[in-house]
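In: got a predicted structure here, sequence first:
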Amino acid sequence: MTPDTVGPLSRPVDVMNLPPQGTEIHVEATAEECDALSKDFGLPGIRSLSGDFKLKSSVKGVHVTGTVKADVTQICVVTLDPFDSVIEEDVEVDFAEPSGMPPEPPTEMHEYEPPDEIINGQIDLGSLTAEFLALGLDPYPRKPGVDFSYRDPNDADEHPFAALSKLKGKE
């Protein structure tokens, strides 16, 4: 596991000897990491990005819960204006050694979510933070207060000749 393979935000954590009560870890992206992630995600800017995680040993490996928070600038899909927004995404992920991962069940695959891999006894909470930021981003962001009103061109009351069609029956 190297920073080149996981992206600009990497915080490897050794999970082989977690205490019985678990451990809490805070991840805070630097300004340089935020700039690199904003380029990767096609955002005008990421002003802050952090993750607060609780790691606990489980029967299969490690169970991670927490929250990812970010202060970002996005582009409105309606007005094309930049606007600031706050992203907050809950995290709940299981990690397991590749050898201990169960095979995918042949039925109801849509309900099966395989655990992420523990690689060389470590999980990367930086990469997990970036992943959940990406999941929390609206693919069609709209500036607050902006609404997109779509009008169907086939709607008889809305097309340019609607008034003429009303006169047609008065002959």
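Out: Great, that's in hand.
In: shaky segments in the protein?
Out: Filtered on pLDDT under 70, the chain yields the residue ranges 1-6, 100-112, 148-171.
In: if we ignore the residues flanking it in sequence, what's nearest the residue nearest the centre of it?
Out: Centroid-nearest residue in the chain, with Cα atoms, centre = their mean: Leu135, separated by 1.5 Å. Excluding its sequence neighbours, the residue lying closest to Leu135 (Cβ to Cβ, 6 or more residues apart in numbering) is Glu89, at 6.0 Å. Any C-beta I mention is one placed from the backbone N, CA and C, and that applies to glycine too.
In: quickly list what the one you found is bridged to.
Out: Val68 (DSSP bridges).
In: roughly how far does it sit from Asp116?
Out: 16 Å (Cβ to Cβ, to the nearest Å).
In: neighbours of the residue nearest to Leu135, just the number please.
Out: 18 (other Cβ atoms under 10 Å).
In: also the one 5 residues further on?
Out: Asp94 sits with 15 neighbouring residues when counted by other Cβ under 10 Å.
In: and the helix or strand harbouring it, what does it pack onto?
Out: Following DSSP states H and E, one finds Asp94 within strand 82-96. Applying 3 or more Cβ pairs under 8 Å, 6 or more residues apart in numbering; DSSP states H and E, we find strand 82-96 packed against strand 45-57, strand 61-75, strand 116-117, helix 125-136.
In: what packs against the shortest one?
Out: Strand 116-117 is packed against strand 82-96, with contacts defined by 3+ Cβ pairs under 8 Å, 6+ apart.
In: can I get the CA coordinates of the strand it packs on in PDB?
Out: Output of strand 82-96 as PDB, limited to C-alpha atoms (Å, rounded to 0.1, in the frame of the first residue of the first chain):
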ATOM      1  CA  PRO A  82     -20.000  28.100  -7.800                       C
ATOM      2  CA  PHE A  83     -21.500  27.600  -4.400                       C
ATOM      3  CA  ASP A  84     -20.300  26.400  -1.000                       C
ATOM      4  CA  SER A  85     -21.800  23.300   0.600                       C
ATOM      5  CA  VAL A  86     -21.200  21.100   3.600                       C
ATOM      6  CA  ILE A  87     -21.000  17.300   3.100                       C
ATOM      7  CA  GLU A  88     -21.600  14.900   6.000                       C
ATOM      8  CA  GLU A  89     -21.600  11.200   5.400                       C
ATOM      9  CA  ASP A  90     -22.000   8.300   7.800                       C
ATOM     10  CA  VAL A  91     -19.500   5.500   7.500                       C
ATOM     11  CA  GLU A  92     -20.000   1.800   8.300                       C
ATOM     12  CA  VAL A  93     -17.600  -0.600   6.700                       C
ATOM     13  CA  ASP A  94     -16.200  -4.000   7.400                       C
ATOM     14  CA  PHE A  95     -12.600  -5.000   6.600                       C
ATOM     15  CA  ALA A  96     -11.200  -8.600   6.400                       C
END
